[in-house]
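Asker: What would the 3D arrangement of this be:
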Amino acid sequence: MPEEHVEAMKLFQCQYCGQLVYFENVRCETCGRRLGYLPMQTVLSALEPEGGAWRALAADPAERYRFCANAQFDLCNWLVPDGVGPALCAACRHNRMVPDAGVPDQLARWRKLEAAKHRLIYALLRLRLPLTDRFEDPVRGLAFEFLAERPHEPHVTTGHDNGVITVALSEADDAQRERARQEMGEPYRTLLGHFRHEVGHHYWNILVLDRWRLAPFRAVFGDERPDYTDALQRHYRNGPPPDWSEWFISPYASSHPWEDFAETWAHYLHIVDTLEMGFAFGLRVRPRVLGGADLAGSVAFDPYDEGDTQRLVDAWLPLVIAVNSLNRSMGQPDLYPFVLTPGVVRKLDFVHRLIRGAI
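Answerer: Now for the predicted structure:
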């Protein structure tokens, strides 16, 4: 497919008027057409009303669609086939517990969680990963619980348990999340980061444990059999080892091989998804300084289809150096405050090959 025809996440074109539109948009600002996302076609489509349903200009004209049931809460712009199938879309069907939409504060935070979760599901679909919900697989299907803290339950822990990802609703409060980031000594804490990290635990079960890939996993990440709870307690008590930055993407990754894998998985999704946006914008980095050739690079490929980990890394480093420098010019912290050492790249390569079925 020629590069100029490629549509990528969050950067689309209205099929009616040609206006640039984004992943979360529900209406074209130029022509006023309603917009809906078709997850299987990975395209945001302009719509025409048709007999109580919608016809998507980017799809087969004979097909009709309706919006996900969560569109009524302004939570989702994804489409489902009209007349048959579930009321919830490919992203929302994974919800198991959700906030009370009748409480304005909870609804506002739920919208933030859904925005991050929909970006996650987009990536999982693009990577063609196994993606079953709790109806299809009641034991191992992927499910989300968005829980608010209550007087009798004053603390909700964000985490993963056998396919169920729990996210505390308080994480959608920017002030509370920043407070937690500082208390935990983290350089980076976002809703999307939570989703990407926790789903890494789910895919460790699916792709490593269930498919008998423990030996190659241990060769890269270490032996996961030492007690997990003890390892976390030791990490919080003593901190990371002095040389953690040589081998791990973050201090927390050094606490246990499971956390190392989940952190690496999250960063792999960070890199691939951001590079895809760079590809959509045709970004190139060409520093205008002597000796700047080593910092030059471009995103001239779709990272979701790229087979070579090193090519991803080679495109990522110039881009992130440039963006970090731009952030500093605005008085903002680095967009990506992490270092990809050879030890970390080896782990990213494991995740890359694992996803592509090459391990």
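Asker: Dead centre of the protein: give me the residue that sits there.
Answerer: For the chain, the residue sitting closest to the mean C-alpha position, by Cα atoms, centre = their mean, is Leu120 at 3.4 Å.
Asker: quick one, phi/psi of the residue of the chain positioned farthest from its centre?
Answerer: What lies farthest from the middle of the chain is Leu290; by Cα atoms, centre = their mean that is 36.8 Å. Taking degrees, to the nearest 10, you get phi -60, psi 140 for the backbone angles of Leu290.
Asker: do Asp173 as well
Answerer: In terms of degrees, to the nearest 10, the main-chain angles of Asp173 are phi -90, psi 120.
Asker: My guess is the residue nearest to the centre of the chain contacts Leu191. True?
Answerer: No. If you go by Cβ atoms under 8 Å, Leu120 and Leu191 don't touch, sitting 9.7 Å apart. Bear in mind the C-beta positions are built from the backbone N, C-alpha and C, glycine included.
Asker: what's downstream of the helix or strand of the chain with the lowest mean pLDDT, the next helix or strand?
Answerer: Between all helices and strands in the chain, the lowest mean by mean pLDDT, DSSP states H and E belongs to strand 297-298, at a mean of 89. Of the helices and strands lying after strand 297-298 in sequence (DSSP states H and E), the nearest is helix 309-329.
Asker: Alpha carbons of that next one, as PDB, please.
Answerer: The C-alpha coordinates for helix 309-329 follow below in PDB (Å, rounded to 0.1, in the frame of the first residue of the first chain):
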ATOM      1  CA  THR A 309      13.300  -5.000  16.500                       C
ATOM      2  CA  GLN A 310      16.500  -3.000  15.800                       C
ATOM      3  CA  ARG A 311      14.700  -1.000  13.100                       C
ATOM      4  CA  LEU A 312      12.100   0.000  15.600                       C
ATOM      5  CA  VAL A 313      14.800   1.100  18.100                       C
ATOM      6  CA  ASP A 314      16.800   2.900  15.400                       C
ATOM      7  CA  ALA A 315      13.700   4.900  14.500                       C
ATOM      8  CA  TRP A 316      12.600   5.500  18.100                       C
ATOM      9  CA  LEU A 317      15.800   7.000  19.500                       C
ATOM     10  CA  PRO A 318      16.100  10.000  17.200                       C
ATOM     11  CA  LEU A 319      12.400  10.700  17.500                       C
ATOM     12  CA  VAL A 320      12.300  10.500  21.300                       C
ATOM     13  CA  ILE A 321      15.400  12.700  21.700                       C
ATOM     14  CA  ALA A 322      13.800  15.300  19.500                       C
ATOM     15  CA  VAL A 323      10.500  15.200  21.400                       C
ATOM     16  CA  ASN A 324      12.200  15.300  24.800                       C
ATOM     17  CA  SER A 325      14.100  18.400  23.600                       C
ATOM     18  CA  LEU A 326      10.800  20.000  22.500                       C
ATOM     19  CA  ASN A 327       9.200  19.300  25.800                       C
ATOM     20  CA  ARG A 328      12.100  20.900  27.700                       C
ATOM     21  CA  SER A 329      11.600  24.000  25.500                       C
END
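Asker: Okay, buried residues for that helix please.
Answerer: In terms of neighbour count (16 or more other Cβ atoms under 10 Å), helix 309-329 has its buried residues at 309, 312-313, 315-324.
Asker: so what does that helix touch, helix or strand wise?
Answerer: If you count contacts as 3 or more Cβ pairs under 8 Å, 6 or more residues apart in numbering; DSSP states H and E, helix 309-329 packs onto helix 257-280, strand 284-285, strand 297-298, helix 342-355.
Asker: taking the ones you listed together, which one is wrapped up most tightly?
Answerer: Greatest average neighbour count among these goes to helix 257-280 (a mean of 23), per mean count of other Cβ atoms under 10 Å.
Asker: that older thread, show me what the least confident helix or strand of the chain is packed against.
Answerer: Under the contact criterion of 3+ Cβ pairs under 8 Å, 6+ apart, strand 297-298 touches strand 284-285, helix 309-329.
Asker: hmm, 7 Å instead?
Answerer: helix 309-329 (3 or more Cβ pairs under 7 Å, 6 or more residues apart in numbering; DSSP states H and E).
Asker: Now do the contacts for the residue nearest to Ala90 when sequence neighbours are not counted.
Answerer: Residue nearest to Ala90 in three dimensions, not counting chain neighbours: Pro39, with 4.5 Å by Cβ to Cβ, 6 or more residues apart in numbering. Counting by Cβ atoms under 7 Å, 6 or more residues apart in numbering, Pro39 touches Trp78, Cys89, Ala90, Leu125.
Asker: And Cys14, by the same measure?
Answerer: Cys14 touches Val21, Cys28, Thr30, Cys31, Arg33, Ala46, counting by Cβ under 7 Å, 6+ apart.
Asker: try Arg109
Answerer: Pro99, Leu169, Ala172, Asp173.
Asker: Same question for Arg196.
Answerer: Applying Cβ under 7 Å, 6+ apart to Arg196 gives the contacts Leu120, Trp265, Ala266, Leu269, His270.
Asker: What is the neighbour count of Tyr203?
Answerer: For Tyr203, the neighbour count with other Cβ atoms under 10 Å is 22.
Asker: can you give me the helices for the stretch 101-250 of the chain?
Answerer: Assigned by DSSP state H, counting those that start in this stretch, the stretch 101-250 of the chain shows helices spanning 104-126, 174-184, 191-203, 214-221, 228-238, 244-247.
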